[in-house]
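>>> Need a 3D model of the following:
(one chain, ligands or ions: 3)
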Amino acid sequence: MPLLTRIRGPRDLDRLSPEELNQLAGEIRAFLVDAVSKTGGHLGPNLGVVELTIAMHRVFESPQDKVLFDTGHQSYVHKLLTGRQDFGKLRTKGGISGYPSRAESDHDVIENSHASTVLGWADGLAKANEVRGKDDHVVAVIGDGALTGGMAWEALNNIAAAKDRPLVIVVNDNERSYAPTIGGLANHLATLRTTDGYERFLARGKDILERTPVVGRPLYETLHGAKKGLKDFIAPQGMFEDLGLKYVGPIDGHDIEALESALTRAKRFGGPVIVHCITEKGRGYKPAEEDDADHFHGIGPIHPDTGLPIAAGGMDWTSVFGEEMVKLGREREDIVAITAAMLQPVGLKKFAEEFPDRVYDVGIAEQHAAVSAAGLATGGLHPVFAVYATFLNRAFDQLLMDVALHKCGVTFVLDRAGVTGTDGASHNGMWDMSILQCVPSLRIAAPRDADQVRLQLREAVEVKDAPTVVRYSKGAVGPAVKAVGKVGGMDVLRKAGTNRPDVLLVSVGALAPMCLEIADLLDKQGITTTVVDPRWVKPVDEALAPLAEQHRVVVTVEDNSRAGGVGSAVSQALRDAGVDVPLRDFGIPPRFLDHASRKEIMAEIGLTAPDISRQVTGLVAKLDGRFERTAAVDSVEAAEPARD
Ligand SMILES: Cc1ncc(C[n+]2csc(CCOP(=O)(O)OP(=O)(O)O)c2C)c(N)n1
Ligand SMILES: CC(=O)[C@@H](O)[C@H](O)COP(=O)(O)O
Ligand SMILES: [Mg+2]
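Ligands and ions are numbered 1, 2, ... in the order given. Model prediction:
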């Protein structure tokens, strides 16, 4: 790639001719398909912003000017143009992140991959420039999907109020989030796209005017600076202009010259201005362009020539949920589903196909989803809001004050709970079992396998007067883990084989296979272990304290932050019951985790069987023998074999 390898930073773009810029765009597309087909990542979104990113970096002077991306999944081209072209280990340990990263470059600002925040950042940066008397520029790229998020409108409300504060907002309108973007905003953008607007009128006029000697160019510039009158006459008032924002567009988001012209005008405008760019997700790569699902929004490794996935997908947690939802939908007419612009990724596609009138895609609007769910429940339905665990953070107050306070029977299904890894710090589902601990009446299920997902989802939707949560991991679902007994509501996964057991191991959710491995390793050290799966981790099962009392130490293992997680809740329950048994809680350390594979991260944080068994062995070794047998141990040892 003769041109791309010569781009060491944005200023290297300045010397390229229009023909070379288009050649560079072609090279970048070839690079992205080749690299991302090997590593996986956000191929479609990045193929859609090649020309846009080139034009932005030619018009603006990053890093002095701030080039910001909403969500950040479409920043690969930005990385290629700012000195990062080794994509060999993209999104894994030691490789570059799949999102902007301040540690990688001072061209990067926003690392958060949660959508709809860029305009807030831009507003803040523009205000800072104003207070500090700096004339640097701020340009923020926001997708049509991210524009459906409430926070974007909170920011726009503020931005529109400051008529003289320079800020360039690029709306990257490819009509899609994953699927086609929904809602009134999407319809309005469609109107703007199809209106033969002011810009197109002037662009057409420009050719004529520029061919007109002497008066042509000045007349064109005059027309372009024309007051609203001309604009009103040519193009209808758009919503953005009604808000007080200057609107430039629609611009062909794959025409570098048109983009540079529009961005240059926007840069000079001296106030908040929206540049509406029409792009195509997956552009230039036929398998993506023709994909009827999500235009290769986020992919695993694929065959570059066909676009077909290399790894055959087995049964995953998401599919188990999706199939059970269809069965529930057939059995109960009151069950409806909600997604925040992720119908297929959260497994609701089949439900939507069979019950199109009972599924709601609310856009990237988790807060609205939760409040709307409270309305649906109050209206006599049982909503199931399927969302990635990390994105529920955003709707905490709505869950607490709209759903729980009003005793609404709403079920939140949290996919991607626990360490996800490759999407970086803001994508790990590591906070839900901490932040939800303080929600009165809310119940949390952490199913350990596919059977438990089915069972616990059914248990959850039976609860009519409180929020319920079912949370499970990303990817392939592990082997079934059968119970060998029952104590209270808890499944006994392994009996200690002695009436004087050393360790009570509380296994949470998908980590059950690892917990059984821990017990095996402890066995080899002569340490006996009872393994229980609480199934419902909130509230803590009442049978846990008396059972704990008959062991020398309690160990909890969870794929959630240690801060305020299940371990903390169990510790509190033991204290409340006056049970004084040492407890060690294993979970995710309360810090942001750099991008890496899940396996790499679990090893790094010591959430592995060898690491945990080694620590528990050390703990037990320190304890003197001090316990006596009572009935509770008998209950485990004597427990009837679980009925399948
Ligand atoms: C709060 C939040 N909810 C959901 C997501 C998952 N997500 C990532 S990208 C995306 C679609 C974004 O669409 P758009 O903003 O139009 O960007 P495009 O991919 O089209 O460039 C979604 C829903 C997210 N990152 N953040
Ligand atoms: C950027 C974003 O938030 C999503 O595209 C996310 O990367 C998807 O994650 P999964 O690949 O786990 O579905
Ligand atoms: Mg989009």
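
>>> what sits against the residue of the stretch 401-550 of the chain found nearest ligand 1?
Using Cβ to the nearest ligand atom, H427 is the residue of the stretch 401-550 of the chain that sits closest to ligand 1, at 7.8 Å. C-beta coordinates here come from the backbone N, C-alpha and C atoms, glycine included. For H427, the contact set (Cβ atoms under 8 Å, 6 or more residues apart in numbering) comprises S113, Y388, T390, R416, T420.

>>> can you check E323 too?
Residues in contact with E323, defined by Cβ under 8 Å, 6+ apart, are K350.

>>> so it sits in a helix?
Yes - assessed with DSSP: H, G, I helix; E, B strand; the rest coil, E323 lies in a helix.

>>> residues from the chain in reach of ligand 3?
Contact residues, the chain versus ligand 3 (Cβ under 5 Å from the ion): G143, D144, G145, N174, R176.

>>> how about a cut-off of 8 Å?
Counting by Cβ under 8 Å from the ion, the chain comes close to ligand 3 at 45, 48, 143-146, 172-177, 181, 281.

>>> which stretches of the stretch 201-350 of the chain form helices?
For the stretch 201-350 of the chain, the helices defined by DSSP state H, counting those that start in this stretch occupy 216-224, 228-234, 239-243, 256-269, 286-289, 317-331, 349-354.

>>> nope, the stretch 401-550 of the chain is what I was after
Under DSSP H, counting those that start in this stretch, the stretch 401-550 of the chain gives helices at 432-435, 450-461, 512-524, 544-548.

>>> Show residues contacting the third one.
Contact with helix 512-524 is made by 448-449, 478-479, 481, 493-494, 502-503, 505, 507, 528-529, 531, 533, 555, 557, 607-610, 612-613, 616-617, 620, as judged by Cβ under 8 Å, 6+ apart.

>>> quick one, longest strand in the protein?
Ordering each strand of the chain by length in residues (DSSP state E) puts strand 553-561 first.

>>> on contacts alone, who are the packing partners of that strand?
Secondary-structure packing of strand 553-561 (3 or more Cβ pairs under 8 Å, 6 or more residues apart in numbering; DSSP states H and E): helix 432-435, strand 503-507, helix 512-524, helix 566-576, strand 583-588, helix 609-622.

>>> And those: which comes nearest I96?
Each of the helices and strands packed on strand 553-561 has some distance to I96 by Cβ to Cβ; the shortest is strand 583-588, at 23.2 Å.

>>> Okay, now the sheet partners of that closest one, with direction.
Strand 583-588 has the following strand partners under DSSP bridges: strand 553-561 (parallel).

>>> Which residues of this structure lie near ligand 1?
Residues of the chain lying close to ligand 1 by Cβ under 6 Å from any ligand atom are 45, 71, 73-74, 113-115, 143-146, 172, 174, 176-178, 181, 281, 297, 340-342, 364, 366, 391, 394.

>>> restrict the residues you listed to those near ligand 2?
Subset of the residues of the chain next to ligand 1 in contact with ligand 2: T71, H73, S113, H297, counting by Cβ under 6 Å from any ligand atom.

>>> Find the pair from these with maximum spatial separation.
Maximum pairwise distance among those (Cβ to Cβ): 13.1 Å, between S113 and H297.

>>> List the contacts of A476.
With contact set as Cβ under 8 Å, 6+ apart, A476 has these partners: G313, G314, M315, D316, W317.

>>> which residues does it bridge with?
According to DSSP bridges, beta-bridge pairing links A476 with D316.

>>> What parts of this protein come near ligand 2?
Counting by Cβ under 6 Å from any ligand atom, the residues of the chain near ligand 2 are T71, H73, S113, H297, G298, P345, R416, T420, D423, K474.

>>> ranking those by neighbours, who comes first?
Using other Cβ atoms under 10 Å as the neighbour test, the residues of the chain next to ligand 2 are led by T71, with 27 neighbours.

>>> Nearest spatial neighbour of the one residue in the stretch 251-400 of the chain that gets nearest to ligand 2, chain-adjacent residues omitted?
Per Cβ to the nearest ligand atom, G298 is where the stretch 251-400 of the chain lies closest to ligand 2, at 4.2 Å. If you skip the residues right next to it in sequence, G298 has H42 as its closest partner in space, 5.3 Å away by Cβ to Cβ, 6 or more residues apart in numbering.
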